[in-house]
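S.K.: let me see the structure of the following:
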Amino acid sequence: MNTVTDDDNLEAAFGTWKSKTFALTVPLTVAALRGSVPPSWIKDFMQSQGKRSKLQLKSHASLESVFSDLSRDLSKGDVRPSSVAAADVVSIGDSWLSHAINKGLIEPIQGVEDQDWYKGLSDRWKSQVYLHRNSEGRIDPDGKIWAAPYRWGCMVIAYKKTKFRKHNLAPISDWADLWRPELAGRISMVDSSREVIGAVLKHMGTSYNTQDIHLQVDGGKDAVRQNLALLAKQVRLFDSVHYLKAFAVGDVWVAVGWSSDVLPVAKRMSDVAVIVPKSGTSIWADMWATPAVSRLETNRIGGRVRGPSPLIHQWIDFCLQTARALPFKQEVIPGASPSALDSASAENLEEFTKGKPRLDTNLIAGVPPPEILARCEFLEPLSDSTISDYQSLIDSMQKSKHGLVPSINYNILSLIQNLWLKLHSNNNKSLKQV
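M.R.: So this is what the prediction gives:
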């Protein structure tokens with residue numbers, strides 16, 4: 001008669017446990033700007049990582065909403081699994097980058113110098129976007145890397161060819177055309193002061209990134225103010241939300257805005273041309289950044305509190321691979337891959353758009369022609385004194401202009417300051433109620 005001892009039972013139980021397989025999943029949560037990530041990326045990334053990876057993509061209507069939600073979550077220290085701050089990576093616009101760093105909303109990406117995606121970025125990205133920043137968000141060659149670009153585009157001008165033919169008007173080719181008398185009251189434009197004053201500066205033959213308007217511009221601040229006042233008389237509507245609606249319904253014949261906005265609308269309309277001004281324009285970039293939640297003491301966001309997902313570098317590297325540029329080249333998504341900033345040629349890009357209904361544009365698969373691209377600029381952070389000049393110029397324009405021109409946001413910093421005051425005001429109210 002065989003007796004079963006406790007040791008035998010334990011050994012059998014241990015053998016059964018060893019024979020079981022456990023599905024260890026590695027999560028990655030991405031909070032992305034809606035329409036900036038090609039749908040094929042999600043499927044392809046999951047396949048490249050195998051069954052153990054779990055990607056969750058959350059879309060947001062605007063970069064401003066991502067920044068606002070991130071600010072609210074981190075200022076209150078109330079980060080939940082559904083919060084933007086609980087994501088491993090978030091979309092952030094390059095113009096928001098310095099403010100996100102300064103406010104402690106994002107943290108440096110660790111170990112970037114050893115990553116293939118960073119090594120593959122051209123010097124133009126590394127120097128002109130100034131990925132190296134100090135903890136205040138200022139440009140610093142010895143600073144850390146806080147974000148990685150995954151899409152870029154530029155400011156463009158769209159116009160209705162039917163209206164131009166009917167009234168025998170010459171096509172638009174550069175910024176100076178916005179000052180033509182026959183277009184007075186026929187233009188809509190985004191309400192960004194960097195873009196509005198930038199258009200004036202380009203019209204005057206200087207840079208978007210002019211830091212001293214008094215010394216670096218012929219005629220100084222007075223000349224800029226005069227040209228800005230003339231532009232205000234030309235533009236019927238400054239409004240980043242409704243400028244394309246006014247263009248679509250025929251209230252205006254010309255629209256000035258970001259290519260990510262303009263191109264999808266222009267393709268749905270007939271007889272519209274979209275051009276990059278021949279003297280050059282501003283470049284915008286969407287970037288991946290990591291929310292700064294590692295410093296928070298909370299158990300509400302699962303594994304994220306123990307640090308970012310180990311898949312972050314794989315995700316960034318995946319987004320910057322050459323194969324990921326295809327949806328941009330095929331114009332499935334407006335914009336271009338970071339690699340196209342330097343390596344793209346007109347001949348190579350044109351083959352991707354053959355046989356497709358062609359929009360009348362000098363953009364080639366979302367990229368300006370090489371001779372114009374060489375004159376395009378990333379928007380660099382402005383000094384406090386230059387921001388003050390911008391505010392003064394916008395204020396003077398609004399005092400002299402009436403009608404359909406709403407207040408222009410003189411800079412992103414004003415939005416951030418207002419948001420921060422609101423958040424802290426709400427926090428104080430909550431404390432008083434307790």
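S.K.: so who does S337 touch?
M.R.: If a contact means Cβ atoms under 8 Å, 6 or more residues apart in numbering, then S337 has Y150, R151, L320, T322, R324, A325, F328, K329 as its contacts. For every residue, glycine as well, the C-beta is placed using N, CA and C.
S.K.: from W41, how far off is it?
M.R.: Counting by Cβ to Cβ, to the nearest Å, the gap from S337 to W41 is 11 Å.
S.K.: which neighbours do the two share?
M.R.: Both S337 and W41 are in contact with R324, where contact means Cβ under 8 Å, 6+ apart.
S.K.: and the lowest mean pLDDT element among the helices and strands of the chain?
M.R.: Here the helix or strand of the chain ranked lowest by mean pLDDT, DSSP states H and E is helix 412-433, holding a mean of 47.
S.K.: next one: stretch 115-132 to chain centre, how far?
M.R.: In terms of Cα atoms, centre = their mean, to the nearest Å, the gap separating the centre of stretch 115-132 from the centre of its chain is 16 Å.
S.K.: output the below-cut-off pLDDT ranges for this protein.
M.R.: In the predicted model of the chain, residues 1-10, 12-24, 128-130, 295, 297-308, 343-357, 399-434 satisfy pLDDT under 70.
S.K.: in it, what residue spans correspond to strands?
M.R.: With strands called from DSSP state E, the chain shows them at 26-33, 53-60, 89-93, 106-107, 132-133, 144-145, 147-160, 187-189, 235-238, 254-258, 272-275, 282-291, 360-361, 377-378.
S.K.: any idea which of those strands gets closest to A199?
M.R.: strand 254-258 (7.1 Å; Cβ to Cβ).
S.K.: next, the angle strand 282-291 makes with the closest one.
M.R.: Our comparison of strand 254-258 with strand 282-291, counting by axes from the mean of the first three to the mean of the last three Cα atoms, to 10 degrees, yields an angle of 30 degrees.
S.K.: quick one: contacts of strand 254-258?
M.R.: 153-160, 172, 178, 183, 186-190, 195, 199, 240, 243-244, 246-247, 262, 284.
S.K.: excluding its backbone neighbours, what's nearest A32?
M.R.: In this structure, A32 finds its nearest non-sequential neighbour in S91, 4.8 Å apart by Cβ to Cβ, 6 or more residues apart in numbering.
S.K.: would you confirm that that neighbour contacts W288?
M.R.: Yes. S91 is within contact range of W288, at 7.0 Å (criterion: Cβ atoms under 8 Å).
S.K.: quickly note the distance from Q398 to Q234.
M.R.: Per Cβ to Cβ, Q398 is found 15 Å from Q234.
S.K.: if we can go back for a sec, tabulate the contacts of S337 (TSV), appending neighbour count.
M.R.: Output for the contacts of S337, formatted as TSV (neighbours: other Cβ atoms under 10 Å):
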residue	neighbour count
Y150	25
R151	26
L320	22
T322	10
R324	22
A325	24
F328	25
K329	21
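S.K.: just put these in JSON lines and tack on distance to T29.
M.R.: Converted to JSON lines, those look like this (distance: Cβ to Cβ, whole Å):
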{"residue": "Y150", "distance to T29": "16"}
{"residue": "R151", "distance to T29": "19"}
{"residue": "L320", "distance to T29": "19"}
{"residue": "T322", "distance to T29": "26"}
{"residue": "R324", "distance to T29": "20"}
{"residue": "A325", "distance to T29": "24"}
{"residue": "F328", "distance to T29": "24"}
{"residue": "K329", "distance to T29": "28"}
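S.K.: I'd like to know which of those are part of helices.
M.R.: F328, K329 (DSSP state H).
S.K.: of the contacts of S337, which is the nearest to S388?
M.R.: Using Cβ to Cβ, the contacts of S337 come closest to S388 at R151, 32.0 Å.
S.K.: report the contact partners of that closest one.
M.R.: By Cβ under 8 Å, 6+ apart, R151 lies in contact with S36, A285, D286, F328, I333, G335, A336, S337, P338.
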